[in-house]
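Colleague: I'll drop the sequence and a predicted model, then ask my questions.
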Amino acid sequence: MMSKRQLQQWMSGLTPQTLPAVLALTFALVFASLLTPPVHAQTYTVLYTFTGGADGGYPYAGVIFDEAGNLYGTTEGRGDVRACGLFHGCGVVYKLDPSGKETVLHTFKGGSDGRQPQWGNLFRDKTGNLFDTTVYGGLSVSDVGGGVVYKVSKTGKETILHKFAGGSEDGLEPQTGLIQDAAGTFYGTTAAGGTSVYCGTVFKMTKSGKVTVLHSFAGTDGCQPIGGLVMDAAGNMYGLTSSGGSTGLGTVFKITKTGQAHHPAYLRRSTGRRLASGHFGPGQSGKYLRHHTWWWQPQLHDGPARLRRRL
């Protein structure tokens, strides 16, 4: 806002030649403001509140939409409160309709079933089947298990597609969801397992559940990927590890469908700020990703840090 003196100086600068133009501009601005529709306040609505009973509790992952506007998601705990530790539960897969009514599609039991789906969003195919991972489960009732990949149909029927067992040919404890290419092959990560036992893998999985490890992390190239994968138009995949690399603070990596891993970019995890754009490829250790801006989203409430891409 102008001071009284500034207003006097501005008024003194008006001449008979400039006054019509100033008046015309003022009239135009006032007229435009009258025609501009008012800005409405934002509306925040709680669609559903979990009770921690059979409806589930502790939702860690986000939700996805279908064509009718229904939401689908998972909870890490509750459901069957008798399973997976005292009153914690093993989690559920749920559907929420536009009115906010929840339907539990599947309740995890642990043991040979999965338990405790973590940070990954569900993947929904064209027929309405839902796919995801759980961090534990898959083995006997007395064993926590190394996690599973599962499918839940529209009617709530669950099918276990793969049970992770660890070792050099398999991973352990997947904490994120899956992505799928045009051919229907799934891709994901595990936070443990592989040749190093503790550092995890990048894997691909056929529709029938056959898993092939594309890359085992060794620590120097990253360790414990928990941020999920993104895929570009050429089929290259990008992700991050929460630790490892030359600094021990994590890496950003690129990997092809055939498993060829490119050298990682090293993260400065403490900043939570945007990384720099630049070049990234074989033999370019410490550089950043080509032609795009990427940034680091720090951990929130013990959740995973994620890699985001600005288009």
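Modeller: Everything's here; your move.
Colleague: who touches the residue lying closest to residue 185 once chain neighbours are set aside in this structure?
Modeller: The shortest distance from residue 185 to any non-neighbouring residue, by Cβ to Cβ, 6 or more residues apart in numbering, is to residue 204 (5.6 Å). (Glycine included, C-beta is placed from N, CA and C.) Residues in contact with residue 204, defined by Cβ atoms under 8 Å, 6 or more residues apart in numbering, are 185-187, 211-212, 214, 257.
Colleague: With neighbour count and pLDDT added, can I get these in TSV?
Modeller: Formatted as TSV, these follow (neighbours: other Cβ atoms under 10 Å; pLDDT from 0 to 100):
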residue	neighbour count	pLDDT
185	17	96
186	22	97
187	21	97
211	22	96
212	13	96
214	19	96
257	16	85
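Colleague: before we move on, back to that, sheet partners, orientation included, of the host helix or strand of the residue nearest to residue 185?
Modeller: In the assignment (DSSP states H and E), residue 204 maps to strand 201-205. Using DSSP bridges, the strands paired with strand 201-205 are strand 186-190 (antiparallel), strand 211-216 (antiparallel).
Colleague: Of the ones you listed, which is nearest residue 41?
Modeller: Taking Cβ to Cβ, strand 186-190 is the member of these nearest to residue 41, at 40.9 Å.
Colleague: what element comes up after that closest one heading to the C-terminus?
Modeller: Following strand 186-190 toward the C-terminus (DSSP H and E): strand 192-193.
Colleague: neighbouring contacts of that following strand?
Modeller: 146, 164, 166-167, 170-173, 198-201, 224.
Colleague: In this protein, what helix or strand scores lowest on average pLDDT?
Modeller: Taking mean pLDDT, DSSP states H and E as the measure, the chain has strand 293-297 as its least confident helix or strand, at a mean of 37.
Colleague: Would you check that residue 64 makes contact with residue 121?
Modeller: Yes. Distance between residue 64 and residue 121: 5.7 Å, which falls inside the contact criterion (Cβ atoms under 8 Å).
Colleague: Overlap in contacts, the two.
Modeller: Common contacts of residue 64 and residue 121 (Cβ under 8 Å, 6+ apart): residue 73.
Colleague: doesn't residue 161 fall inside a helix?
Modeller: No. In this structure, residue 161 is strand, not part of a helix, as judged by DSSP: H, G, I helix; E, B strand; the rest coil.
Colleague: Just give the nearest non-adjacent residue to it, would you?
Modeller: Residue 161 sits nearest to residue 209 (Cβ to Cβ, 6+ apart), 3.6 Å away.
Colleague: quick one: low-confidence ranges for the protein?
Modeller: For the chain, the stretches with pLDDT under 70 are 1-40, 86, 140-143, 261-311.
Colleague: where do the helices sit along it?
Modeller: Assigned by DSSP state H, the chain shows helices spanning 4-12, 19-35.
Colleague: give the contact list for residue 233.
Modeller: Per Cβ under 8 Å, 6+ apart, neighbours of residue 233: none.
Colleague: Ramachandran coordinates for it?
Modeller: phi -60, psi -30 (degrees, to the nearest 10).
Colleague: pretty sure residue 241 contacts residue 222?
Modeller: Yes. Contact criterion Cβ under 8 Å: residue 241 and residue 222 qualify, at 3.2 Å.
Colleague: Mutual contacts of the two, please.
Modeller: Listed contacts common to residue 241 and residue 222 are 199, 250-251, 253, 264; contacts here mean Cβ under 8 Å, 6+ apart.
Colleague: What is the nearest of these to residue 232?
Modeller: Nearest to residue 232 among these, counting by Cβ to Cβ, is residue 253 at 13.5 Å.
Colleague: neighbours around the closest one, how many?
Modeller: 25 (other Cβ atoms under 10 Å).
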